[in-house]
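Student: generate coordinates for the sequence data below:
(one chain, ligands or ions: 1)
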Amino acid sequence: MGILEVKNVGKRFGGLQALGDVNLSVAENTVHAIIGPNGAGKSTLLNCLVGKLIPDTGSVMFDGQSVLGRKPFEINQMGISRVFQTPEIFGELSVMENMMIPCFAKRDGAFTPNAFRDMFKDREIVERAEQMLEEMNMADARDDNAATMSRGNKRRLEIGMCLAQEPRLLLLDEPTAGMARADTNNTIDLLKQIKDERDITISIIEHDMHVVFSLAERITVLAQGTPLVEDTPDNIKGHPKVREAYLGETQDAA
Ligand SMILES: Nc1ncnc2c1ncn2[C@@H]1O[C@H](COP(=O)(O)OP(=O)(O)OP(=O)(O)O)[C@@H](O)[C@H]1O
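Tutor: Purely as a prediction, here's the structure:
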């Protein structure tokens, strides 16, 4: 059984069936990509995993426990962290201050604005945040204003902020969207390093096939709200059904 088990999940928006009958099993300590054409239901599925949407039907189990009915912060505390398409960092704060926020949240269960007053006097938090910046190769940027960083480094910081919460499942929603090729390649290298160095499961939604094939061990192809195929990257490449879903080609032509 996978660390994440999605069974018969359906989600309708008015007259639109965004997810039909989704079954997905993500094995522990693997990188599992979910790909599919625009409007296939990828983000809707991700939102159902983190409590932002409640499916109409089906079940979502993480490590044997249901996530349905739990609030996003509760699901986060269960060990699921999500990186959004647009980096969710605090641009007006320094890199170090940004990193301290999830360290507080992890230790104290929440981050309250009061914590800002004397945050640098809290040695435990300072040391943990410094350690995370080291691990992210960001120690030199410690005092930089987060807003001034490149898109790739903002993403690096945000992924580090997720990892500070010690998640067991990291969900990435198009982590390289809008990035220049150099930043994309840096993000691929960072995710490879995270995968090699940690006990962590990564599930990634991504349009950039270079990113998908560089990282994924399993790929699920979603089309019109339903999984079309699930297989290894080698088998997904050139799969007639996948070409059909993306390019509108018939199987005979593929
Ligand atoms: N809140 C909503 N209300 C109504 N319709 C929605 C809502 N969210 C998504 N949809 C619709 O559900 C379908 C699936 O959308 P979703 O964003 O999950 O697809 P996606 O695969 O993530 O697409 P993309 O690759 O373009 O981001 C689309 O037709 C979309 O317009």
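Student: would you list every one of the strands in the stretch 151-254 of the chain?
Tutor: For the stretch 151-254 of the chain, the strands defined by DSSP state E, counting those that start in this stretch cover 169-173, 201-205, 218-223, 226-231.
Student: which helices and strands does the third one pack with?
Tutor: Okay, so that is strand 218-223. strand 16-26, strand 31-35, strand 226-231, helix 233-236, helix 240-247 (3 or more C-beta pairs under 8 Å, 6 or more residues apart in numbering; DSSP states H and E). The way it works is simple: take the backbone N, C-alpha and C, and place the C-beta from them, glycine included.
Student: the next helix-or-strand element following the second one to strand 218-223, inter-axis angle?
Tutor: On the C-terminal side of strand 31-35, the closest following helix or strand by DSSP states H and E is helix 42-49. Between the direction of helix 42-49 and that of strand 218-223, the angle (axes from the mean of the first three to the mean of the last three C-alpha atoms, to 10 degrees) works out to 110 degrees.
Student: would you tell me what the next helix or strand after helix 42-49 is?
Tutor: strand 57-62.
Student: looking at that next one now, give me its mean pLDDT.
Tutor: Per-residue pLDDT over strand 57-62 has a mean of 97.
Student: ok, how many other residues are close to K71?
Tutor: Using other C-beta atoms under 10 Å, K71 has 10 other residues around it.
Student: number of nearby residues for G14?
Tutor: Other residues close to G14 by other C-beta under 10 Å number 6.
Student: separation between it and the ligand?
Tutor: Applying C-beta to the nearest ligand atom, to the nearest Å, the value for G14 to the ligand is 7 Å.
Student: again with E130
Tutor: Using C-beta to the nearest ligand atom, E130 is found at 36 Å from the ligand.
Student: likewise for C48?
Tutor: The gap separating C48 from the ligand is 10 Å, by C-beta to the nearest ligand atom.
Student: leaving out chain neighbours, which residue sits closest to that residue?
Tutor: Once flanking residues are discounted, C48 sits nearest to P55: 4.8 Å by C-beta to C-beta, 6 or more residues apart in numbering.
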